[in-house]
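Novice: Turn this into a model:
(chains A and B)
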Amino acid sequence: MSAILAKQRVKEEQEMRNVYCQCLLELAGKDPRVVVLDADLMSSMGMVPFGKAYPARTFNVGIQEANMIGVAAGLSATGKIPFAHSFAPFASRRCFDQIFLSCGYANLNVRIIGSDPGVTAAFNGGTHMPIEDLGILRTVPNITLLEPTDSIMLRDLVKQTAGLYGVYYIRLLRKNAIRIYEEGSTFEIGKAVEVKDGSDVTIIATGIMVEEALKAANILAIEGINARVLNMFTLKPIDKAAIIRAAQETGAIVTAENHNIINGLGSAVAEVIAENVLVPLERVGVNDHFGEVGPQNYLQEKFGLTAVNIVDKVKKAVARKL
Amino acid sequence: MLSKEKIREMETLALNIRMETMKAFGNLGFGHVGGALSIVDTLAVLYGVEMNIDPKNPDWEDRDWLICSKGHAGPAIYSSLALKGYFPLEELQTLNKPGTKLPSHCDKNLTIGIDMTTGSLGQGASLAVGVALGHKLDQRSNYTYLILGDGECQEGQVWEAVLYAAQVKLDNLITFVDHNKKQLDGYVKDINDMGEIKGKFESFDWYAQEVDGSNVAEIFEAVEKAKAQKGKPSVIVLNTVKGQGWSFAENTVSNHHMTVSPEQMEEALQELEQKLKKVVQS
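Specialist: The predicted structure follows:
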């Protein structure tokens, strides 16, 4: 793994969905086993070019997420490598039993793409706002849960999963991400990336919260707190070693996720430190609420998914140090 | 047309499947008797004649696939597989025992010859559509057979899959609905009536037939007609009796899951042996 940090963290020019489509086009060109499924969201996902390029390998089942997951699992039983997409609440909550049994328990080979994580669902509102998807799916044995942070990581992870076997859930921002990594960076599934070193506290973040964590670390530096920032882009299997090391070396942890703090990153990290190294833990995330409609920045403020809130939680955690 | 000899062969296989299944249930003391026995004649047609399979090479790429979405009929399929030589008959006695390769519901990762893991009703339908699509993509000429229960057709996912199978013209998918009229809690018509099943499939643009599900010749002819259909998936609604072949089970109203005492097993085996004698003599 060699992840090089971007010199400037700015909004990317390309939307994540377009990068995803390009990746799939490249993969499909190289491997005839790659197939794409969707449940009437090809246009929303920017996948129309794929459908045009590979019509025989594109299965838009219409508005039937449960059937889509089953069909994907069935296709994989014949050796195909399916990538099935819907909005994250429908790609997880709506078809949990199909993911659990038809994919997981049956030991089949399926990639599920859940788009618009958490508050990035913005104007689609509460019905479309997945604050629980990772929490639900974390209970599927052997599933791998990924949340690519920017298009560089997205490209690398999507390509990696195509060559692996199992059930993969990729929680995918459709819009423009903030560029965190330099072109050419590679990532190891299951290994956290240290985005910033630090000795006083560790902020463990995922998705859009990585950028907030970095902003928080800058604010904290001015106040004399040297925060380490880890990007835990793989929620499962979680990088226990990195968490234990962070606990031992920095003595306090704050998690930051665009998800319910119940059964998401905060819970997963709490499990690791409770069983290994007890240090103060504070969790930033949606505090057991349903989503609601509004612009993303409003929702981030409303649910406390901000650098300012991370700074507050860091101070609490540091104050609780033994 | 089927020769008398061929019919006798399938009827004999059906009775042997029933006997082996009852031995396994009897040895265990309980099981999904009703829905396992009702599908046996179709299994005899599939494993006896129709399916292109090789027990010595269970993962053969060009084989026909069988996905039993009503996964609780697993024990009847295990008997068929053992009789075909996929694994020793003695293994049937391990049904549901700790560490067994023969669980109550079909599991492709445990049992040699089982093509798909099923048990949560409705899911086998989508899986079968995916498998049939995969074979089409590979331009294989093999068939995917799917077995659904009539009660199972209450699941919405069945109709999602049925709708899409027609959209993608899966003429390599042949579905059976085991219309044994009953589900766990009683008669389908009393709980949530499926009404006219054949007509429902027709309205989804499937080629639909209805046959006597205890008549191997009728089932065979229906499968042949289904294979001749191009451009649409096929369904064969099987008129069956839940618990078919063991009169005590047939006459028990609540026969989805039953206890089977050693005496009852003996009684069932005697009844089936009598029938077997008749078939052999005919």
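Novice: closest point of the stretch 101-250 of chain B to chain A, which residue?
Specialist: Per CB to the nearest CB, B:G130 is where the stretch 101-250 of chain B lies closest to chain A, at 2.0 Å. Glycine gets a C-beta too; all of them are placed from N, C-alpha and C.
Novice: A helix includes that residue, no?
Specialist: Yes. Counting by DSSP: H, G, I helix; E, B strand; the rest coil, B:G130 is located in a helix.
Novice: Now do the same contact list for it.
Specialist: Shown in contact with B:G130 (CB atoms under 8 Å, 6 or more residues apart in numbering or on different chains): A:70-78.
Novice: Tell me which helix or strand the nearest residue to it once chain neighbours are set aside sits in.
Specialist: Spatial nearest neighbour of B:G130, chain neighbours left out: A:G74 (2.0 Å); criterion: CB to CB, 6 or more residues apart in numbering or on different chains. In this structure, A:G74 sits in helix A:65-77 according to DSSP states H and E.
Novice: quick one: average pLDDT of that helix?
Specialist: The average pLDDT for helix A:65-77 rounds to 98.
Novice: Against A:V71, how distant is the residue of the stretch 101-250 of chain B closest to chain A?
Specialist: 4 Å (CB to CB, to the nearest Å).
Novice: For my notes, confirm B:E267 occurs in a strand.
Specialist: No. Applying three-state DSSP, one finds B:E267 to be helix, outside a strand.
Novice: which residues touch it?
Specialist: By CB under 8 Å, 6+ apart, the contact set of B:E267 is B:F248.
Novice: Tell me the confidence at it?
Specialist: pLDDT recorded at B:E267 is 97.
Novice: go on, the one 3 residues further on?
Specialist: Looking at B:Q270, its pLDDT stands at 98.
Novice: Look at the one residue in chain A that gets nearest to chain B and say how many residues are nearby.
Specialist: Going by CB to the nearest CB, chain B is nearest to A:G74 of chain A, at 2.0 Å. Around A:G74 there are 33 other residues, counting by other CB atoms under 10 Å in any protein chain shown.
Novice: Now A:S151. Its backbone dihedrals?
Specialist: phi -70, psi -30 (degrees, to the nearest 10).
Novice: Remind me which helix or strand the closest residue to it other than its chain neighbours belongs to.
Specialist: Leaving aside its sequence neighbours, A:S151 sits nearest to A:V19 (CB to CB, 6+ apart; 4.2 Å). Element membership for A:V19, per DSSP H and E: helix A:16-30.
Novice: quick one: contacts for A:V279?
Specialist: A:247, A:251-253, A:273, A:321.
Novice: If we use 6 Å, what do you get?
Specialist: Shown in contact with A:V279 (CB atoms under 6 Å, 6 or more residues apart in numbering or on different chains): A:247, A:251-252, A:273.
Novice: how much space between the spatially most central residue of chain B and A:D40?
Specialist: The structure's chain B has its C-alpha centroid closest to B:I39; by CA atoms, centre = their mean the separation is 4.4 Å. Using CB to CB, we find B:I39 at a distance of 35 Å from A:D40.
Novice: and what of B:V177?
Specialist: Distance, B:V177 to A:D40, by CB to CB: 28 Å.
Novice: next one: B:L102
Specialist: Counting by CB to CB, the gap from B:L102 to A:D40 is 40 Å.
Novice: and if you look at B:G99?
Specialist: According to CB to CB, B:G99 and A:D40 sit 44 Å apart.
Novice: More neighbours: these two, which one.
Specialist: Remark: of B:G99 and A:D40, A:D40 carries more neighbours, 14 against 5, as counted by other CB under 10 Å.
Novice: how about the more buried one, what does it touch?
Specialist: Contact analysis of A:D40 by CB under 6 Å, 6+ apart lists A:62-63.
Novice: Next one: the nearest residue in space to B:T117 that is not next to it in sequence from B:H105, what distance?
Specialist: Of all residues not flanking B:T117 in the chain, A:A106 sits nearest, at 3.8 Å (CB to CB, 6+ apart). According to CB to CB, A:A106 stands 11 Å off from B:H105.
Novice: who has more neighbours, these two?
Specialist: Comparing A:A106 with B:H105 by other CB under 10 Å, the one with more neighbours is A:A106, at 26 against 17.
Novice: what's the closest non-adjacent residue to residue 249?
Specialist: By default, I'm working from chain A. A:S199 (6.8 Å).
Novice: think we crossed wires, I meant chain B
Specialist: Counting by CB to CB, 6+ apart, B:G243 is the residue found nearest to B:A249 once chain neighbours are left out, at 3.0 Å.
Novice: Same question for A:E212.
Specialist: Spatial nearest neighbour of A:E212, chain neighbours left out: A:A307 (4.6 Å); criterion: CB to CB, 6+ apart.
Novice: Could you do A:R33 as well?
Specialist: Nearest to A:R33 is A:I81, by CB to CB, 6+ apart, at 4.7 Å.
Novice: The one you found contacts A:P32, doesn't it?
Specialist: No. Under the criterion of CB atoms under 6 Å, A:I81 makes no contact with A:P32, lying 9.6 Å away.
Novice: Neighbour count for these two, which is higher?
Specialist: More neighbours surround A:I81 than the other of A:I81 and A:P32, with 23 against 14 (other CB under 10 Å).
Novice: Contact partners for that one?
Specialist: When contacts are counted by CB under 6 Å, 6+ apart, A:I81 touches A:33-34, A:162.
Novice: before we move on, back to that, run through the neighbouring helices and strands of the helix holding A:V19.
Specialist: Counting by 3 or more CB pairs under 6 Å, 6 or more residues apart in numbering or on different chains; DSSP states H and E, the packing neighbours recorded for helix A:16-30 are helix A:48-53, helix A:151-162.
Novice: what's near enough to touch residue 48?
Specialist: You didn't pick a chain, so chain A it is. Counting by CB under 6 Å, 6+ apart, A:V48 makes contact with A:M42.
Novice: Can you look at chain B instead?
Specialist: Counting by CB under 6 Å, 6+ apart, B:G48 touches B:10, B:13.
Novice: just the helices in chain B please.
Specialist: For chain B, the helices defined by DSSP state H cover B:4-28, B:33-37, B:40-45, B:74-84, B:123-137, B:156-167, B:188-192, B:197-203, B:216-228, B:247-250, B:262-281.
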